[in-house]
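[1] Mind looking at a prediction? Sequence and model below.
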Amino acid sequence: MSRPISIHNHPFRFLLYLEWILLSFAALSAIIPPPFPRSSIRFTELTICTLVIFGLMGLRLPQNNQFIKVIYTATEIFLIVITRFFGGITYRIFPFLYLILVTRSCLIFQMQGRLVITVLSFIFFLLTLKRRFDRIPISPAEQERFLFFSFNFAVMFGLALIFVLLLMNTVLSERKSREELAIANEKLRQVSAMRSHPLQEQSLEQATVGLAENMQRAIGVSPICKIDLADSISSEITTPIYRIIQESFTNICKHSQATEVTLELTTTDTHLHLIIKDNGRGFELGQNTTGFGLKSMRDRTLALGGKFNINSTPENGCQIIVEIPLMSRSNDKSTASR
């Protein structure tokens, strides 16, 4: 569930600053005496209070409930209407409130909602312009000129609304793309980390049990695991062994159609032994010596100076046997340290 947009997590702080500047001009126009008495403000306190409430609403935008979003936007429109009908000369700043309304709608609604608010803003603006046209007494000769001016003003304001809508959509899309890219990069970094340290602070036994649980969830087969390991086995050995087990289990899940899987992972004083066996459909060794990750498993084993054997025939399952020397590698390390 996403949090409401507030001043602390607002994606575009400059929008808040711009709102405050425009609302400040609107408040000043309500306070400064107008040059014409007929343009005087009938309820200055109400106008100022309405603008303050409208501005404070921008400090916390709803994000969770669609019904709350609608109520929030309807309240904004109601406040704009109050400002227009009781604000007198503030009609000069009045259109900017609709620009703020459209900007906020882009932050809380999807495209369909944004379009609806933009269209409603333009309709209310036209109604306001018509009301102003009806209230101004002008001669028939001046009506055509005033109508032309009003038409141009309406077109310009409509284009301004469209510009704000397109600009906000572009900015929001770019921001979303950056966030998705950041998330993707973080996931790649965590894949990278898994490749470098696949055990993630776990012992080889714990990691093997985790792989067995994954197989049980994937195909409904719970491997029978017999694990008896020495306490100190270097990551130089545990990581390749983990990869071999992981690759084997992946092959079983994808190809073998097995109903029974057994794993033996033990150590002696000199060697580590790994046996993975399943009762699946098997395959012909002569026809598949490198597929199913066999080459990777063999290469990992040989890199540790070990032995890799695989036994399989069609319809008779598969058995993988890995033997890794322990003493020779520890002796090599102690010799190198001397």
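    Yep, that arrived. Numbering: from 1, shown residues only.
[2] From M168, how far off is the residue nearest to S6 when sequence neighbours are not counted?
    Of all residues not flanking S6 in the chain, R60 sits nearest, at 4.8 Å (CB to CB, 6 or more residues apart in numbering). Every residue, glycine included, has its C-beta placed from N, CA and C. From R60 across to M168, the span is 19 Å (CB to CB, to the nearest Å).
[3] Same question for A154.
    For A154 relative to M168 (CB to CB), the value is 21 Å.
[4] neighbour-wise, which of the two wins?
    M168 (19 against 15; other CB atoms under 10 Å).
[5] Tell me, how many residues neighbour D231?
    By other CB under 10 Å, the residues close to D231 number 6.
[6] Go through this protein and flag its longest helix.
    Secondary structure of the chain read by DSSP state H shows that its longest helix is helix 140-196.
[7] Show me what that helix is packed against.
    helix 94-108, helix 111-135 (3 or more CB pairs under 8 Å, 6 or more residues apart in numbering; DSSP states H and E).
[8] where among those helices is the average confidence lowest?
    Among the helices and strands packed on helix 140-196, helix 111-135 carries the lowest mean pLDDT, a mean of 85.
[9] Give me the contacts around that helix.
    69, 73, 77, 80-81, 84, 91, 94-95, 98, 101-102, 105-106, 109, 146-147, 150, 153-154, 157-158, 161-162, 165, 168-169 (CB atoms under 8 Å, 6 or more residues apart in numbering).
[10] try it again with 6 Å
    R84, Y98, L101, V102, S105, C106, S150, F157, G158, L161, L165 (CB atoms under 6 Å, 6 or more residues apart in numbering).
[11] quick one: which of the residues you listed is nearest to F54?
    The closest of the contacts of helix 111-135 to F54 turns out to be L101 (CB to CB; 9.1 Å).
[12] sorry, back to before: the residue nearest to S6 and S222, how far apart?
    Counting by CB to CB, the gap from R60 to S222 is 51 Å.
[13] same question, P314
    P314 is 25 Å from S222, where distance means CB to CB.
[14] try F283
    23 Å.
[15] Neighbour count: those two, which is higher?
    F283 (22 against 13).
[16] Find the helix or strand that that one is a member of.
    Under DSSP states H and E, no helix or strand contains F283.
[17] and it, how far is that from S256?
    Counting by CB to CB - F283 and S256 are separated by 9 Å.
[18] same deal with Q206?
    Per CB to CB, Q206 is found 25 Å from S256.
[19] between these two, who's got more neighbours?
    Taking other CB under 10 Å, Q206 and S256 do not tie; S256 has more neighbours (22 against 12).
[20] I figured that one was touching K277, is that so?
    No: the pair S256 / K277 is not scored as a contact, 10.6 Å apart, by CB atoms under 6 Å.
[21] Quickly note the distance from S222 to R243.
    In this view, S222 and R243 are 22 Å apart by CB to CB.
[22] same thing with L97?
    Going from L97 to R243 by CB to CB gives 63 Å.
[23] quick one: which of these two has more around it?
    Remark: of L97 and R243, L97 carries more neighbours, 26 against 16, as counted by other CB under 10 Å.
[24] Does the spatially closest residue to that one that is not a sequence neighbour belong to a helix, a strand or coil?
    Leaving out its chain neighbours, the residue that sits closest to L97 by CB to CB, 6+ apart is I80, at 4.8 Å. When classified by DSSP: H, G, I helix; E, B strand; the rest coil, I80 comes out as helix.
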